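In: 3D, please:
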Amino acid sequence: MIKRRTEIYRLTYIALYLAFLHIETYRKILLSKIRHTYLNPMSLSIQEKFCYLQIPKTPKTHQSKKLVLMDEFLVPQWVLVNSILAQSISDSSGSSIATFGFNPRSNFSNSLFNSFSANMHYTIQIKLTNFLQILRDVFNLVCTVKVNDQLKSLEIRNVRVGLDIYETILRTGIPTVQVGSQRFLRSATQGIVALNFYEWLIKTKGLSAVLLSHDSYIGIGLLGKVAHQHQVPVYHANPYEIISTRGNFEVYKRFLDYPNYFESLSDGLKKELLFRAENDINRRLSGEVGIGLPHQTMSAFSNSGDYIFNSKDNRKALIATHCFFDNPHAYDEMIFADFWEWLNFLAENTKDSSLEWFIKPHRDYLPGTLETLETLITKYPHLKILPSDTSFQYLKRNNFEVAFTCYGSIGHELPNLGIAVVNCAYNPHIAYNFNTHCTSKLDILSVLNELEESRIEIDLEGIYQFYAVHNYLMRPDDFFFPSMQKYQDDVKDPLNFDLCNEFVKSSWKKTVDRFRVVIDEYLAQPEPNSTVYFLTAGKIRHD
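Out: This is a model prediction of the structure:
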């Protein structure tokens, strides 16, 4: 009886939420139209500011009704790169350019995208023709998904919608999903609405290509998964690379080929890059900020640390946390549903360990992180939380011998300090032996058992090679700008369009002419990773 009432409550809640979504979306669209009409003079002024983004088109005898669809990611350098790519694909296919998102475009965004003829915007909404299908999909989801793993693995019409729903729920600021909660019901409903809307777009409008800033979450990444299923080309472009994908997580399969990429270089270039990598890693280990991590504002390697350990000589192990509210399946589908489940697994299986176990939050952890960790150690008191500013140098001096992570950068950092690293997920270091890589829960249990007997031996070979490939070959400084580093140094604020304009406007035509050659050659070749193709072929030129 209680189960029946619960199901009726959930289905009623979903029906009401669908009605709310439908009304709220159309309210936003109406307000957006009114705003754009009354603020038209201001819009034209903004559009004029960005008119240089418009590239002259090749005259066409036939205009396709298809779309080049891109998300509305308001980061200047991303818009610059993708404005050229979108116009190039549009020109060659005769397609129109449009954006999409859960909300209508703001006045600024509308003017910006209109400046390079992305004149249409599709707001994700409930199409009445799809309403019955949406109801069936949502009700089937609610009736079949009972635990987190079932949501993570959920497929609808061969599209892995469950992953994006799961990570979208985490994005709201909770460490794990509570199946059946109102938050779960809302996000699941939004995911189904988005899935059906993307399918409607492909069926009724037709897509020549999809340009995405991210490959996760229902508002962006889910379109890529739907596009893959319908054989629509998906491109991920930024100032360092263009990558086309034909399947989920394909962007990151290149990690396995890092050694091959390095071996394709000349002996002289290998030597140069290894020297540079060693220097950069040493700078990072000395506490210097921003080395290979431009977003970094604080170092985990400064000489800080005042935590008093019971004994300096006792064997110790570290669990380096990730952000609970970010996408845990960043590179591939993880063994665990989320980072909270991963931590609980490690905590449960180290209760009787002879080592002392500690948890270290990330330096720039988000609100809610410490409260979540406090909940964990209440259940598992053998774990201790270290201050987030405790340096790895300090841990080295206090006999920490191993660190567990899913896919953190400590994988190529801590081995240099004599601390072994165990990765519990697919990670950028996967092709090298300077870490231990676990691909199942049994692998992790095996490592934990071995730790009770002896330390993990560290093989440092390949660390500098990895760093060179990951940070230099995969992020070429001169792929789009003559120097991305100079752009960052001069512009400083990565979200400031006015500063970006000042930097690029005078040389934009030259940038477009050169980059269109890069795009044309890229689109004509089968290799989906532009970085590897252009570096090995020596195609990039800044005259």
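
In: wait, doesn't T350 sit right on A317?
Out: Yes. At 7.5 Å, T350 counts as touching A317 under the criterion of CB atoms under 8 Å. Where you see a C-beta, it was placed from the backbone N, CA and C, and this is true even at glycine.

In: what residues do these two have in common as contacts?
Out: Common contacts of T350 and A317 (CB atoms under 8 Å, 6 or more residues apart in numbering): W357.

In: Could you list the low-pLDDT ranges of the stretch 1-150 of the chain?
Out: 1-3, 41-42, 58-64 (pLDDT under 70).

In: Dihedrals phi and psi, G224?
Out: The phi/psi pair for G224 (degrees, to the nearest 10) reads phi -60, psi -40.

In: Check F400 too.
Out: According to degrees, to the nearest 10, F400 has phi -80, psi 130.

In: for it, which residues make a bridge with it?
Out: Assessed by DSSP bridges, F400 has beta-bridge partners K316.

In: OK, contacts around it?
Out: Taking CB under 8 Å, 6+ apart as the test, what F400 contacts is K316, A317, L318, F358, I419.

In: now the second one: how far from F400?
Out: This means A317. Counting by CB to CB, to the nearest Å, the separation of A317 from F400 is 7 Å.

In: And for the third one?
Out: Counting by CB to CB, the gap from L318 to F400 is 5 Å.

In: shared neighbours of these two, anything?
Out: Common neighbours of L318 and F400 (CB under 8 Å, 6+ apart) are F358, I419.

In: Tell me if I'm right that T25 and K127 touch.
Out: No. Using CB under 8 Å, T25 is not in contact with K127; the gap is 10.8 Å.

In: which stretches of the stretch 201-350 of the chain form helices?
Out: 222-229, 258-263, 267-285, 339-348 (DSSP state H, counting those that start in this stretch).

In: Find the nearest non-adjacent residue to I444, please.
Out: Nearest residue to I444, sequence neighbours excluded (CB to CB, 6 or more residues apart in numbering): C438, at 4.7 Å.

In: quick revisit: which single one of the contacts of F400 is nearest to T405?
Out: L318 (8.9 Å; CB to CB).

In: quick one: the closest one from F20, how far?
Out: For L318, the distance to F20 - CB to CB - is 46 Å.

In: How about Y522?
Out: 44 Å.

In: Could you check which of these two has the larger neighbour count?
Out: Using other CB atoms under 10 Å as the criterion, Y522 and F20 rank with Y522 on top: 24 against 12.

In: hang on, isn't that one packed against I243?
Out: No. Judged on CB under 8 Å, Y522 makes no contact with I243 at a distance of 9.7 Å.

In: what's the spacing between stretch 363-374 and its chain's center?
Out: Between the mean C-alpha location of stretch 363-374 and the chain-wide mean there is a distance of 20 Å, by CA atoms, centre = their mean, to the nearest Å.

In: Next, the buried residues of that stretch.
Out: Y365, T369, T372, L373 (16 or more other CB atoms under 10 Å).

In: Which one of these is nearest to N427?
Out: Using CB to CB as the measure, the one of the buried residues of stretch 363-374 that approaches N427 most closely is Y365, at 20.3 Å.

In: Go through the buried residues of stretch 363-374 and say which is closest to R514.
Out: Y365 (41.3 Å).

In: what sits up against the helix or strand encompassing L141?
Out: Assigned by DSSP states H and E, L141 falls within helix 131-144. Helix 131-144 has contacts (CB under 8 Å, 6+ apart) with 7, 10-11, 14-15, 18, 126, 150, 154, 156, 185, 188-189, 192-193, 195-196.

In: Try it again at 6 Å.
Out: Residues outside helix 131-144 that contact it (CB atoms under 6 Å, 6 or more residues apart in numbering) are R10, I14, I156, A188, T189, I192, N196.

In: Now distance to V469 and neighbour count too, for those, in a markdown table please.
Out: Converted to a markdown table, those look like this (distance: CB to CB, whole Å; neighbours: other CB atoms under 10 Å):
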| residue | distance to V469 | neighbour count |
| --- | --- | --- |
| R10 | 49 | 20 |
| I14 | 47 | 21 |
| I156 | 37 | 17 |
| A188 | 39 | 29 |
| T189 | 42 | 24 |
| I192 | 40 | 28 |
| N196 | 41 | 24 |
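
In: Nearest to D257, out of those: which one, please.
Out: I156 (32.0 Å).

In: which residues touch that closest one?
Out: D137.

In: neighbouring contacts of the helix or strand that contains L151?
Out: Per DSSP H and E: L151 is located in helix 148-152. Here helix 148-152 makes contact (CB under 6 Å, 6+ apart) with V145, G162, Y166, V177, A337.

In: ok, now how distant is I84 from Y235?
Out: Counting by CB to CB, the gap from I84 to Y235 is 12 Å.

In: same check, this time on L128
Out: Counting by CB to CB, the gap from L128 to Y235 is 32 Å.

In: More neighbours: which of those two?
Out: Taking neighbours as other CB under 10 Å, L128 and Y235 compare with Y235 leading, 24 against 9.

In: Go ahead and confirm that one touches R246.
Out: No. When contacts are counted by CB atoms under 6 Å, Y235 is not listed as touching R246 (11.2 Å).

In: Kindly tell me how buried K127 is, as a neighbour count.
Out: 16.

In: can you check F339 too?
Out: 23.

In: residues contacting it?
Out: Contacts of F339 by CB under 6 Å, 6+ apart are H322, F324, P328.

In: State the distance from the residue nearest to the first one when sequence neighbours are not counted to L448.
Out: Sequence neighbours aside, F339 is the residue nearest to H322 in space, at 5.0 Å (criterion: CB to CB, 6+ apart). Applying CB to CB, the value for F339 to L448 is 18 Å.

In: again with D493
Out: For D493 relative to L448 (CB to CB), the value is 45 Å.

In: same deal with M70?
Out: 45 Å.

In: what about those two, which has more around it?
Out: M70 (26 against 19).

In: which residues of the stretch 101-250 of the chain fall in strands?
Out: 120-123, 207-211, 234-238, 241-245 (DSSP state E, counting those that start in this stretch).

In: In terms of mean pLDDT, which of those strands ranks lowest?
Out: Ranked by mean pLDDT, the strands of the stretch 101-250 of the chain end with strand 241-245 at the bottom, a mean of 90.

In: Can you spell out which helices and strands pack onto that strand?
Out: Packed against strand 241-245, as judged by 3 or more CB pairs under 6 Å, 6 or more residues apart in numbering; DSSP states H and E, are the following elements: strand 234-238, helix 530-537.

In: From the chain's centre, how far out is the first one? Work that out for me.
Out: For strand 234-238, the gap between its own C-alpha mean and the chain's C-alpha mean amounts to 12 Å (CA atoms, centre = their mean).

In: what angle separates it from strand 241-245?
Out: In terms of direction (axes from the mean of the first three to the mean of the last three CA atoms, to 10 degrees), strand 234-238 departs from strand 241-245 by 170 degrees.

In: Could you export strand 234-238 as PDB, CA atoms only?
Out: Output in PDB follows, covering the C-alpha atoms of strand 234-238 (Å, rounded to 0.1, in the frame of the first residue of the first chain):
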ATOM      1  CA  VAL A 234      30.200  16.300 -33.100                       C
ATOM      2  CA  TYR A 235      33.100  18.700 -32.700                       C
ATOM      3  CA  HIS A 236      34.900  19.900 -29.600                       C
ATOM      4  CA  ALA A 237      37.000  22.900 -30.500                       C
ATOM      5  CA  ASN A 238      39.000  25.300 -28.400                       C
END
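
In: in it, what counts as buried?
Out: V234, Y235, H236, A237, N238.

In: wait, isn't the third one in contact with I243?
Out: Which is H236. Yes. Look at H236 against I243 with CB under 6 Å: they come within range, at 4.9 Å.

In: That'll do, ta.
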